[in-house]
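1. need a structure here:
(one chain, ligands or ions: 1)
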Amino acid sequence: MNTIFKLGACAFALVAVACSKPQSGANAEIESNIDALLSQMTLDEKIGQLNQVSSYGSVEAMADEVRAGRIGSILNEIEPANVNRLQRIAMEESRLGIPLLIARDVIHGFKTIFPIPLGQAATFDPEIVREGARVAAAEASAAGVRWTFSPMLDVARDARWGRVAEGNGEDPYLTSVMGVAMVRGYQGDTLGNPASIAACAKHFVGYGAAESGKDYNSTNIPPAQLHNVYLPPFEAAAAAGAQTIMSSFNDNDGVPATGNRALLTDILRGEWGFDGFVVTDWNSAGEMLSHGFCADSAEVATKALNAGVDMDMMSFAFVKELPRLVKEGRVSEAQIDNAVRNILRVKYRLGLFDNPYVDESLRDSVFYAPSHLAAAKQAATESAVLLKNDNHVLPFGSNVKRIAVVGPMADAPHDQMGTWVFDGDKDKSITPLTALRERKGISINYAPGLAYSRDNNKAGIAQAVAAARQSDVVVAFVGEEAILSGEAHSLADISLKGAQRQLIADLSATGKPLVMVVMAGRPLTIADEVAKADAVLYMFHPGTMGGPAIADLLLGDANPSGKLPMTFPRMVGQVPIYYAHNNTGRPCYGSEALINDIPLEAGQTSLGNTSYHLDAGFDPLFPFGYGQSYTTFAYGEPHLSADHIAKDGKLTVDFDLTNTGDYEGAEVAQLYVRDLHGSLARPVKELKRFQRVNLKPGETQHVTFELPAEDLAFWNPEEKRHVEPGQFQLWVAGDSQSGQPIAFTIE
Ligand code: BGC
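-> Numbers count the residues shown, from 1 in each chain. This next block holds a predicted model:
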């Protein structure tokens, strides 16, 4: 087996696991083929390989450019016949017969839509995430697409940012595990398989830390944060063989990512040994003008190429400027050769030189295949997070015969698919209303109350309330339309929109058992509504099969097992809010005085007051990792293999996990660690391991986590990445706020 990736200091043990995967073959033959091609290419043909364009819509319009070798990759062409015609022109009519690379944003499914990535993260199940990516690859490649701009690995701690929907939430470790799973799913066992597509880890890097959650905004991430929080998922994806990396839109501390050589070359290639190619985000090279980082497009091209960009998506600065810049000696042809080599290497690995064509008959059997729908349903089921279940309202027992189904998301086939759906068909979505109506033994009173999530027209609410009164229980489907999250859709207020809050209040006043099912692209501030509901099931937009999954969960054919991949704030003013914060000099231990505890005309004092908001307190509404089940789980006392380990040693933690309730169910056991003192202040807890464990009622399973000391390493400016001896604490629990600390020491 060829080892492509030289490993620098790896962020996580999973990096090492990732490296043992069969690679796509950086081999001497490919490199010598590239040498041979490069020696025949004109400068214009080389620059053409660096150019990615969005489909202009017709093959004829693009034919001349493809024939002349001026396009290396096309995004957004998904008609197989067109893909084949374009590839035929590239292969047979261009001088050197170099295939095109066809790309698309396949973010959480191509036709069969899986839950949005944030929902997939809530499964804490890398295997279903890998399978989802595999399904996406099979469907997308059947349309001729061989490269997706996914996974999005931006750690995001601010729910105002619309793109939290596209990522794996706030935690670098969870994001890394899920990112690796997606890369493996897309790329399969071998990239040369026509049903494999190249992955793109994006957006490199820090994009999720946009100021005040406004998309495209500046970030100010200091080096240690960058290395300890934002870079690790990309390092893991690169080590897992992700073939491409996308440079992000944001400027961090004044340097736009697309012009940042320290990131795109020194770290990515120098430290991590990445040998795929770097693509810009859409016009992110050109936007270096708006950033005020470049004065003209010649400078754009120079800075992007010098930084380490290989392919320019849609700024055209490379095609426009590089010919002249080479002639003037401002950039060297060797630099361009290097970028071409990186791109051709990926095209070779994908097998495109041997066969760039798609079998046009595949679509019918591949799109929405029954096995794809089954996997999407499983993913949706596992993504559901039960936040509240007073008096065991859920699942509905045989005494529940009449169900009032209300709310704007009950029958919203488009919106339940979530953001970034270009190709999924809404008429394939099965809504909760449809799924519930198909179930035997219950009758459904449907009265939506509101037509869509932003609807302020309260006229229908009375009907919804009447339906509730006539029923044994009421299920209110609320949340956000798909368009309210995703790229360029950030919010300053993340509470329920339209008259949904009124709807919940009025339903609650009926006294009927109220189950609130939320479908959204982000954590919402729903403290009041949670208080009013008897049970709350949180679904991040669940995709094509959301309805059947929800029906199973409500009726007890499935048991919720999802856990929150982001901390839920009580109020938007608490964001950014995340569990792995530093302790601060005046940490809040939960005995905070709130605004109404303050006496009138109280004198100025800071005594007793610590780091929290007077009007929100310190705690979130729900912590990271939280999620209930219809059953209960008991954690046995964890046993550590040693209470002292060496810097190069390993800790084994094992414990019994028992299902102490009446339903079969899965628990996500989580292991957190705290480094008590260090050369830098360290987070109060960091997720280091997790495992989904399925248990029958009464069943006990022995769970073992292996934790090499190396996984407790962190980066500081002087010593770079290192393990610091000292005292640590460890927790094993069902969420980030539970469990008892156990001490251990690294010597
Ligand atoms: C987004 C990327 C996406 C690209 C191509 C950009 O606007 O930021 O995530 O992959 O467009 O569609």
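2. Just the buried residues of stretch 339-357, please?
-> 339-353, 356-357 (16 or more other CB atoms under 10 Å). C-betas here are computed from N, CA, C, even on glycine.
3. who's in contact with the residue of the stretch 101-250 of the chain found nearest the ligand?
-> Relative to the ligand, the nearest point of the stretch 101-250 of the chain is residue 149 (3.3 Å; CB to the nearest ligand atom). Applying CB atoms under 8 Å, 6 or more residues apart in numbering, we find residue 149 in contact with 103-107, 200, 202, 246.
4. Please determine how far it is located from residue 203.
-> Between residue 149 and residue 203 the distance is 9 Å, computed by CB to CB, to the nearest Å.
5. Next, show the common contact partners of the two.
-> Common neighbours of residue 149 and residue 203 (CB under 8 Å, 6+ apart) are residue 246.
6. near the ligand too, which of the contacts of residue 149?
-> Filtering these for neighbours of the ligand using CB under 6 Å from any ligand atom leaves 105, 202.
7. how about the contacts of residue 149 in JSON lines, adding distance to residue 447 and pLDDT?
-> Listed next are the contacts of residue 149 as JSON lines, based on distance: CB to CB, whole Å; pLDDT from 0 to 100:
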{"residue": "103", "distance to residue 447": "44", "pLDDT": "98"}
{"residue": "104", "distance to residue 447": "39", "pLDDT": "98"}
{"residue": "105", "distance to residue 447": "37", "pLDDT": "98"}
{"residue": "106", "distance to residue 447": "37", "pLDDT": "98"}
{"residue": "107", "distance to residue 447": "34", "pLDDT": "98"}
{"residue": "200", "distance to residue 447": "44", "pLDDT": "99"}
{"residue": "202", "distance to residue 447": "42", "pLDDT": "98"}
{"residue": "246", "distance to residue 447": "45", "pLDDT": "99"}
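8. out of the contacts of residue 149, which are inside strands?
-> 103-104, 200, 202, 246 (DSSP state E).
9. mind listing what the most centrally placed residue in the chain touches?
-> Against the mean C-alpha coordinate of the chain, by CA atoms, centre = their mean, the closest residue is residue 167 at 2.0 Å. Counting by CB under 8 Å, 6+ apart, residue 167 makes contact with 117-118, 121, 152-156, 175, 208.
10. And residue 454, by the same measure?
-> By CB under 8 Å, 6+ apart, the neighbours of residue 454 are 481, 484, 497-498.
11. Closest one of those to the ligand?
-> residue 484 (17.4 Å).
12. That closest one - how many residues pack around it?
-> 22 (other CB atoms under 10 Å).
13. Then the one 10 residues further on?
-> Around residue 494 there are 26 other residues, counting by other CB under 10 Å.
14. That one contacts residue 522, doesn't it?
-> Yes: between residue 494 and residue 522 there is a contact under CB atoms under 8 Å: 6.4 Å.
15. what sits in contact with each of these two?
-> 159-160.
16. Look up phi and psi at the residue lying closest to residue 679 once chain neighbours are set aside.
-> Nearest residue to residue 679 in three dimensions, chain neighbours excluded: residue 716, at 5.2 Å (CB to CB, 6 or more residues apart in numbering). Residue 716 has phi and psi values of phi -130, psi 160 when expressed as degrees, to the nearest 10.
17. Can you pull the residues of the stretch 51-200 of the chain lying near the ligand?
-> So the stretch 51-200 of the chain meets the ligand at 105, 149 (CB under 6 Å from any ligand atom).
18. Now do the strands for the stretch 51-200 of the chain: every range, in order, please.
-> 51-54, 73-75, 101-104, 147-148, 200-204 (DSSP state E, counting those that start in this stretch).
19. Just the buried residues of stretch 339-357: which are in helices?
-> 339-349 (DSSP state H).
20. okay, these in CSV with distance to residue 601 and pLDDT next?
-> Below are these laid out as CSV (distance: CB to CB, whole Å; pLDDT from 0 to 100):
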residue, distance to residue 601, pLDDT
339, 68, 98
340, 73, 98
341, 73, 98
342, 68, 98
343, 70, 98
344, 75, 98
345, 72, 98
346, 69, 98
347, 74, 98
348, 76, 98
349, 72, 98
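21. quick one: which two of the residues you listed are the most distant?
-> 339 and 349 (16.3 Å; CB to CB).
22. Confirm residue 233 sits in a helix?
-> Yes: checked against DSSP: H, G, I helix; E, B strand; the rest coil, residue 233 lies within a helix.
23. ok, now how distant is it from residue 169?
-> 11 Å.
24. Kindly report the same for residue 283.
-> 28 Å.
25. Which residue of the two possesses the greater neighbour count?
-> residue 169 (27 against 19).
26. Apart from its chain neighbours, what residue comes closest to the more buried one?
-> residue 565 (3.1 Å).
27. Isn't that neighbour up against residue 173?
-> No: if you go by CB under 8 Å, residue 565 and residue 173 don't touch, sitting 11.1 Å apart.
28. In contact with residue 410, which residues?
-> 431-433, 446, 448, 475, 477.
29. Selecting buried members of the residues you listed in ChimeraX, what would you type?
-> In ChimeraX, this line selects whichever of the contacts of residue 410 come out buried by 16+ other CB under 10 Å:
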select :431,432,433,446,448,475,477
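30. and the residue of the chain positioned farthest from its centre, which of the three is it?
-> The C-alpha centroid of the chain is most remote from residue 601, which lies 48.2 Å away (CA atoms, centre = their mean). Of the three states, residue 601 takes coil according to three-state DSSP.
31. Could you check how far it is from residue 187?
-> When distance is defined by CB to CB, residue 601 is 66 Å away from residue 187.
32. follow-up on the earlier one: is the residue nearest to residue 679 in a bridge, and if so with what?
-> Counting by DSSP bridges, residue 716 is bridged to residue 720.
33. Quick one: residues contacting it.
-> 224, 678-680, 722 are the contacts of residue 716 under CB under 8 Å, 6+ apart.
34. Of these, which belong to strands?
-> The strands, defined by DSSP E, take in residue 722 from the contacts of residue 716.
35. Now tabulate the contacts of residue 716 in TSV and tack on distance to residue 651.
-> Below are these laid out as TSV (distance: CB to CB, whole Å):
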residue	distance to residue 651
224	24
678	18
679	21
680	22
722	18
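36. Among the contacts of residue 716, which one sits closest to the ligand?
-> For the contacts of residue 716, the nearest to the ligand is residue 224 (26.4 Å; CB to the nearest ligand atom).
37. My read is that that closest one contacts residue 715, right?
-> Yes: using CB under 8 Å, residue 224 is in contact with residue 715, at 5.9 Å.
38. Quick check on those two: which one has the bigger neighbour count.
-> Each of residue 224 and residue 715 has its neighbours counted (other CB under 10 Å); residue 715 has more, 21 against 15.
39. Low-confidence bits of the stretch 401-550 of the chain, can you list those?
-> Counting by pLDDT under 70, the stretch 401-550 of the chain shows no low-confidence range.
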